[in-house]
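Peer 1: just the structure for this:
(chains A and B)
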Amino acid sequence: MTSEQIIPQIQKQLNFSALLLKKHSNEVDLQSWFGFNLINEWHIKMAKRLLKYYGIHSGLHLRTRLFQYESGLMASASFEKLAASLRLDTTATFESKYSALENVMTKHNYKLAWKYRFSLKDQKLKGYELAHYVFLMRLGGILSYIELEEITLRLEEVEQLLKTTFSSWGAFHRNVCIGDEFINGVGEQDLSSYPGILTLWECYQRMQIDNPTWFKEW
Amino acid sequence: MLVTFKALLASKLDISHLEAAEAQAFLEVLELFHVQEGLAYNATKANVQDKQLAADFTETVAQLVYYHPSIYANEEEGFEFVASWHPLITKGFYPDAKSAAKLVDFLYFGLAFLQSATVSDALRTRVFEVLSILVHRKSHASAPVTRFLMHRALDMRDYLSAHFIMEYCLKYELLAGTYFVADETGLLQEYPFRISDTFVAHFYKGKWELLVESLHQVLPVGQVAKPGIYDVLKPWISENLANFYAENRKWVTAAHQMLVERVLFVEDESFDYINLRTAEGEYPLVTALNDKEWDESDVILFSLKGENITLKQTETGFYRLQDWLLADKGTNFNRPVFNDYGKIAFQVNSAKELPVRSILLWFVMSDATSSTLSKITFFNDVFSCLLTGWDAKQLPVMSHKGEDFPVTGVYVLRDLFETRTQLENWIPSFQPSGLADPLNQFLILCFYDARFQLNELLSDESKEALYNYLITLAHSARESKPYLRETGVQLIVETLIVLYKDTPKVGRVNEISALKNLHPSIIKTCEQYAKSYYVNTETPLEPQFIQSWYLSLNDYYYSSGKELVWVAEVLKNQGERLAQYFNEVKAQEILANEVLFRLLTFLKRSTKNSKKYPGLEKIASEITTHLSDLLQHLKHRILFKNTVETFHSYLTGHEINLYHQMQLEPVIMPFYRYYFEQGDTRNVAESQNTNRVTPLVTLAIKLSDVVLEQVITDLENFKESRIDSVVYRTFLEKNLTDIQSLLAKNTPLAMQFYQALYLIIIDVEAGPDGTYKAYGNLVRSVFVQFLKGTAMAQTYGQGLQMMAESGAYSENLTETLLQVVTDLKA
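Peer 2: Coordinates of the predicted model:
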């Protein structure tokens, strides 16, 4: 089934998850259906570990996760809730709210939500969520939790959704990065982080260099 | 040696008092020694001369020959003397009791001399040959000589002599076969060398204790890998000895001690002795182990039990072994004694040889979380016999109190596990090892076997733990061997289905039914289970429940109908029921409209993608049918105005498939009129949804082959598709010319179409008196309309005529058929 040809349109749809795949492993082949190599034992192991991390043990779990990402339950909802609560604040009231916080992670989230409270009012973190959606489908395909036919059908829907939400690859990828920052914490280059672990922003830059022809036409 | 005897015979013997017959016997004795001269000979010869008498070797003669105490004064001469008896006793001239007693006295006295180097091998050999004959031949010497040999051989005070005698006993089989003892009347009786009351009476003054005591003393002594006293007395072992132990338990402890010493020092396993067996089949030395607190020596003895001993007798012993293994955190497993001996007790051919409570041992020893690999391997191997019924989904038959005991899941969970019944305390730790772990396989079998009782057996917490356990195991089956996978998944699914038959937890139902992808063999079961949960008229409809129906539409759609197949069932025949629910229950209008919007969304999607994904076409028709069912029975007020508007615009828009339009039009238009056309007559319209067929102004949608194919398919299955015949009438009448031109271009499709119509015409149920007579009416007229004047008309006309005249149909239908024929010709 992996021998099925990837036509340019599908490649484009698969690329919605390129950034996330790159983040998880630099070895992935972005021009394959699943990114990970099916004959490479280590790749399979890594895919299994990732699926386990996302709590996916079967097609049912996978589809439930996909539904959660699709319907904004994974990131958009909490972002929107926070952003909405900040929209009426002035700089001063926000400052006081912010300084009253103690948890570093919450502080970080407040900062992000404040920054993007208007600009992401409509888009929310949909880009991030749908990138995950595609990413998980590719992972699930490795263990046959989902068939190629379903992947392509879902990819089409994802593309439509993204096309109506974003206007360019740049905007989409920015959303992915912001989402990742919101969910996982600081994403900007940080010298104190472990060497070898790339932030999403770094992956983004590298990916642009590796595949100069992609990500032009939205 | 002859010298001695000759000298003896020639000198002092007084033969004057011999009877003639005795003299004859004495003469023969002399002749045996070739003594044909001398005083005695001549005298005797004279005595018997000319008398043809039978020789009579009487006591007197015997004493004359054998009773010469003075010779024994010199040990060497004494043995020479005894050795020289050989020719005599081979001829049947045996010593009498008195001489025998004297002989034995001498033997006791001279035994040390006999072993010394001064005695030549030849003489020694000769002496034992004589003794052998004396023991085994019928004479008064047999008993005393035997007693002498036996006592010396079993007397540990003089080990050298005992050993010496033992060696000759083995060489000449001295203490084997039979011996002779005189009864009260003086008659000699033959007895075997087997321990019995008489045996004890003959040699141990009737005191068993003396015999057993000496056995216990002599047996632990010996040389490794060389024949010893045990070989001499092994043939003596008898049921009587077993009886003695059975009745005198305090001697058993000494016997155990002795046998263990034999194992350790002589390295001999004394198999026959350990397995002493009474006439009733009891093994007293083995069963005695049952009452003890075990140590290593008992492990040794127990492992030497024979194969034929009944399970009833060894069961307690087995449990003692189990206790011993479980003591001290199982460290006894690593002792050499377990490796060398204990393991033997676990060599079984089938589960029937294992007592049922040994399951517990398995669970402790093979627990992957706390045991070591060597233990796990060994015990998994031992208990693999419990899984022989895996393919048949059966628990093994083990033994309990010596009887076959079919293990049941309830027994294991309730009676055996006791504290372990609190599954939540331990079963999560079994999860990670997956289906490949034999313990887990056994557990699954147990749960499966007890599935109908699990609800009463387990607490709610335990059931939660069990659920997680079973689901995890099922998922682990993806990576296990095929035979494990198939049966394992089946067992798990069937257990879960029983356990969660009437659960209110939707998540559980979904998760269980999603296990279907693990193996083809359970697809049906899983789907049936989900269906019985979701499509069950006994489950009252609740808003949440209805939501779950339509949320599932998502996955159903994306998987092209491969997942959540029960959704098809909901779409097919729950429309009316749902409509009734919305009609009756107040304040659910929002939900109703949401449902309709959702259905429409997926109808649009599946219609749009059906060209690329063939599975979606079916979904589109299913949704259409469902919508049609639902709207047909729904009261007008339930739908919001904007919903009706959306549906109406879809109906008249360009996205819709003509065939779907055909089905939906009659059900949507009444709603549309209700809101937009007949504002004053709402109540009238609400009460009855009649007159559904009103012409509709639509955009010109081209009729395509695909749509027509769908129509034909549904006509072929007109009984199942449940589409009102009026719908077809409208569709066919409205598109008559389009259809005709399409059919003209596509002959195979035309043939299929005509054939479908033809089959309906000749269907009894579509006849004038049948359930589907409306169909019959429609199709007959359509059939004539389409076929009249074509080349096909004649063929079909003939066919119909034949059918009509076959007599298989009722009068009414026959007439109708003939009418069609006439119409075709007209």
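Peer 1: surely A:Ile44 touches A:Leu38?
Peer 2: Yes. Contact criterion C-beta atoms under 8 Å: A:Ile44 and A:Leu38 qualify, at 6.9 Å. Any C-beta I mention is one placed from the backbone N, CA and C, and that applies to glycine too.
Peer 1: these two: which is more packed in?
Peer 2: Between A:Ile44 and A:Leu38, A:Ile44 has the larger neighbour count (other C-beta atoms under 10 Å in any protein chain shown), namely 16 against 13.
Peer 1: contacts only, for the more buried one.
Peer 2: Residues near A:Ile44 by C-beta atoms under 8 Å, 6 or more residues apart in numbering or on different chains: A:36, A:38, A:142.
Peer 1: please apply the same query to A:Leu136.
Peer 2: Each residue near A:Leu136 by C-beta under 8 Å, 6+ apart is listed here: A:54, A:56, A:62, A:65-66, A:69.
Peer 1: mind doing that once more with 10 Å?
Peer 2: For A:Leu136, the contact set (C-beta atoms under 10 Å, 6 or more residues apart in numbering or on different chains) comprises A:17, A:20, A:50-51, A:54, A:56, A:61-63, A:65-66, A:69, A:145-146.
Peer 1: same thing with B:Val61?
Peer 2: Counting by C-beta under 10 Å, 6+ apart, B:Val61 makes contact with B:15, B:18-19, B:21-26, B:28-29, B:55, B:93, B:96.
Peer 1: quick revisit: overlap in contacts, A:Ile44 and A:Leu38.
Peer 2: Shared contacts of A:Ile44 and A:Leu38 (C-beta under 10 Å, 6+ apart): A:Ile142.
Peer 1: in the chain, which helix or strand is least confident?
Peer 2: You didn't say which chain, so I picked chain A. Between all helices and strands in chain A, the lowest mean by mean pLDDT, DSSP states H and E belongs to helix A:200-210, at a mean of 82.
Peer 1: switch to chain B, that's the one I care about
Peer 2: Across the helices and strands of chain B, mean pLDDT, DSSP H and E gives its lowest value to helix B:682-687, namely a mean of 44.
Peer 1: so after that one, what's the next helix or strand?
Peer 2: Next along the chain after helix B:682-687, taking DSSP states H and E as the criterion, comes helix B:705-716.
Peer 1: and whatever residue of chain A ends up closest to chain B, how far is that from B:Ile471?
Peer 2: Going by C-beta to the nearest C-beta, chain B is nearest to A:Leu60 of chain A, at 3.3 Å. For A:Leu60, the distance to B:Ile471 equals 10 Å [C-beta to C-beta, to the nearest Å].
Peer 1: model confidence for the residue lying farthest from the centre of chain A, exactly?
Peer 2: The outermost residue of chain A relative to its centre, with distances by C-alpha atoms, centre = their mean, is A:Ala92 at 32.8 Å. On pLDDT, A:Ala92 comes in at 91.
Peer 1: got the domain ranges for the chain?
Peer 2: Just going to use chain A. As assigned by automatic domain parsing, chain A contains the domains A:8-72+A:125-210, A:76-121.
Peer 1: nope, chain B
Peer 2: Annotated domains of chain B cover B:408-534, B:538-701, B:703-826 [automatic domain parsing].
Peer 1: so, in contact with chain A or not, the longest one?
Peer 2: Yes. For a cut-off given as C-beta under 10 Å from any C-beta of the partner chain, domain B:538-701 has contacts with chain A, namely B:551-552, B:554-555, B:557-560, B:562-564, B:605-606, B:608-609, B:612-616.
Peer 1: for residue 103, what are its contacts?
Peer 2: You didn't say which chain, so I picked chain A. Going by C-beta under 10 Å, 6+ apart, A:Asn103 touches A:109-110.
Peer 1: wrong chain, I was asking about chain B
Peer 2: B:66-67, B:69, B:72, B:78, B:81-82, B:85, B:95, B:130-131, B:134, B:141, B:144-145, B:148.
Peer 1: and the two most separated of the residues you listed?
Peer 2: Across the contacts of B:Leu103, the longest distance by C-beta to C-beta is 18.7 Å; it joins B:Pro69 and B:Leu131.
Peer 1: which of these two has more residues huddled nearby?
Peer 2: It is B:Leu131, of B:Pro69 and B:Leu131, that has more neighbours when counted by other C-beta under 10 Å, with 24 against 12.
Peer 1: shouldn't the more buried one be within a helix?
Peer 2: Yes. The assignment for B:Leu131, made by DSSP: H, G, I helix; E, B strand; the rest coil, places it in a helix.
Peer 1: where's it relative to chain A, distance?
Peer 2: Distance of B:Leu131 to chain A, computed by C-beta to the nearest C-beta, to the nearest Å: 81 Å.
Peer 1: give me the number of residues near the nearest residue to B:Gln223 once chain neighbours are set aside?
Peer 2: Leaving aside its sequence neighbours, B:Gln223 sits nearest to B:Val266 (C-beta to C-beta, 6 or more residues apart in numbering or on different chains; 7.3 Å). The tally of other residues near B:Val266 (other C-beta under 10 Å) stands at 20.
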